[in-house]
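Participant: heads up, no residue letters with this:
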């Protein structure tokens, strides 16, 4: 049983470096598009959650 954590840490460090080497900073248009999609998804989930809350509250108060 190997209790030495250094190989796993080294492997994680190598993997993180590989990911950072192929990543790039998005342009302003791509950032705005992503922001809009995330905001719309968050709002949609909030609306669905609120509707479920209203249905459950109505069912409890019957």
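Facilitator: Structure received. Because the structure is a prediction, the values reported are computed rather than measured. Residues are numbered from 1 along each chain as shown.
Participant: how far away is the residue most central in space within the chain from residue 51?
Facilitator: Centroid check for the chain by Cα atoms, centre = their mean gives residue 38 as the closest residue, at 9.5 Å. Using Cβ to Cβ, to the nearest Å, residue 38 is found at 21 Å from residue 51. Heads up, the C-betas are built off the backbone N, CA and C, glycines and all.
Participant: what do you get for residue 36?
Facilitator: Applying Cβ to Cβ, the value for residue 36 to residue 51 is 22 Å.
Participant: okay, buried residues for whichever strand or helix holds residue 11 please.
Facilitator: Here residue 11, judged by DSSP states H and E, is contained in helix 6-22. For helix 6-22, the neighbour count (16 or more other Cβ atoms under 10 Å) marks no residue as buried.
Participant: start the count at 11, not 1, going forward
Facilitator: With the count now opening at 11, the last piece we talked about shows up as helix 16-32.
Participant: now for this protein, the helix or strand with the poorest mean pLDDT.
Facilitator: Sorting the helices and strands of the chain by mean pLDDT, DSSP states H and E puts helix 16-32 at the bottom, at a mean of 92.
Participant: right, and the helix or strand after that helix?
Facilitator: helix 38-70.
Participant: could you pull up the mean pLDDT of that following helix?
Facilitator: Helix 38-70 comes out with an average pLDDT of 97.
Participant: who are the packing partners of it?
Facilitator: Helices and strands touching helix 38-70, by 3 or more Cβ pairs under 8 Å, 6 or more residues apart in numbering; DSSP states H and E: there are none.
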